[in-house]
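from the sequence below, what's the structure:
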Amino acid sequence: MAGNMKTVGLLCTDSSDLYLAKAVYCIERNLSEHGYHSLLCTTGYTFQRKQESLRLLLSKDIDAVILVGSQFIGHDENENEYIKKAAEKLPVILMNGELEYENIYSCCCDDHQATKDATLSLIDSGAKSLLYFYDNHTYSGKKKQSGFADACSKRGGTDTFNLLYVGEREDIGDVAVRLERLWETGIHFDAIVTSEDYLAVGAVKFARRNGIQIPGDLQIIGYNNSLLTVCCEPELTSIDNHLEDVCDLVVGAAVSILEEGTFPPRKVLSGELIKRDSTKTV
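Residues are numbered from 1 along each chain as shown. Predicted structure coming up:
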């Protein structure tokens, strides 16, 4: 059944985030190409603001709502009730999130498998002491972390560490400082897998400050394959989660649901490791 207003609501936590900003751009552009308008609410990261912003969108004349990014999926079911209630009124499409409920649809990259495959490539190149460097506990973030853990468990014989970055997003200088502090405690590593490209750029800065050769002494892998990967020296190997393709899926889901009344509850794309100069050639 076609929507009445040809308008789709978008929720995004942080429009300054490089990944989310590009996602919003791609989704709005694709919706426009299909003849749909869009209404965007930027929520911030607090649970209350997410709820209030979704209620605001539902008060408008929209036909469906897209939640851009995995930050909207809570750690327990109580935190997801506001999404389920919205789905009782109109279709809800999750980008890089998953929630089993009627009228909720998921379009995402397989972050677990992509991170697992990338980590295995490091181990197979000779890495023995691996650090996983991440900045959140979102649905997507937990998938990446579990992929890293699974790869290390599968191969065995590796030392593994985890470091949670708590600071201003994309503060690359501070990221380097955090790694230096860890290094000074005696925890050394020859490979770093990160959950975001900006963390990987910070790792490059850390290595250059401390005379650590990349990739000879330290290999680094980023995530998102963003513009940042070619803005540092050496250029970064990164996992491409095919953002534009996921956005195409999200818009395709909205259009199919509104115009044809059907779409699979879950669509998953595979990630791809884009190798550059921050990792060894195997």
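
pLDDT averaged over the one helix or strand A86 maps to - what is it?
In the assignment (DSSP states H and E), A86 maps to helix 81-87. Per-residue confidence for helix 81-87 averages out to 96 on the pLDDT scale.

tell me the buried residues in that helix?
Applying a neighbour-count criterion of 16 or more other CB atoms under 10 Å, one finds Y82, I83, K84, A86, A87 buried in helix 81-87. Glycine gets a C-beta too; all of them are placed from N, C-alpha and C.

and those as TSV, adding distance to D171?
Below are those laid out as TSV (distance: CB to CB, whole Å):
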residue	distance to D171
Y82	31
I83	31
K84	35
A86	34
A87	36
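
which parts of the protein belong to which domain?
The domain map for the chain lists 7-110+242-270, 111-241, with the assignment taken from automatic domain parsing.

nearest to D277, of these?
domain 111-241 (3.5 Å; CB to CB).

now the closest one: average pLDDT?
The pLDDT scores in domain 111-241 average 95.

still on that earlier bit, closest to T279 out of the domains of the chain?
For these, the distance to T279 is smallest for domain 111-241, at 4.2 Å, taking CB to CB.

pull up the distance across the closest one, start to finish.
Using CA to CA, to the nearest Å, the span of domain 111-241 from its first residue to its last is 8 Å.

circling back: give me the helices and strands touching the helix holding A86, please.
Counting contacts by 3 or more CB pairs under 8 Å, 6 or more residues apart in numbering; DSSP states H and E, helix 81-87 is packed against helix 47-58, strand 104-109.

swap the cut-off to 6 Å and go again
For helix 81-87, the packing partners by 3 or more CB pairs under 6 Å, 6 or more residues apart in numbering; DSSP states H and E come out as helix 47-58.

helix or strand right after the helix it packs on?
That would be, after helix 47-58 and using DSSP H and E, strand 64-68.

follow-up on the earlier one: can you redo the domains of the chain as TSV with distance to D277?
Supplementary listing: the domains of the chain in TSV, determined by distance: least, CB to CB, whole Å:
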stretch	distance to D277
domain 7-110+242-270	21
domain 111-241	4
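
ok, which of those comes nearest R276?
Distances from R276 to each of the domains of the chain were compared using CB to CB; the minimum, 4.2 Å, belongs to domain 111-241.

re earlier: closest one of the buried residues of helix 81-87 to L163?
Each of these was checked against L163 using CB to CB; the closest is I83, at 30.8 Å.
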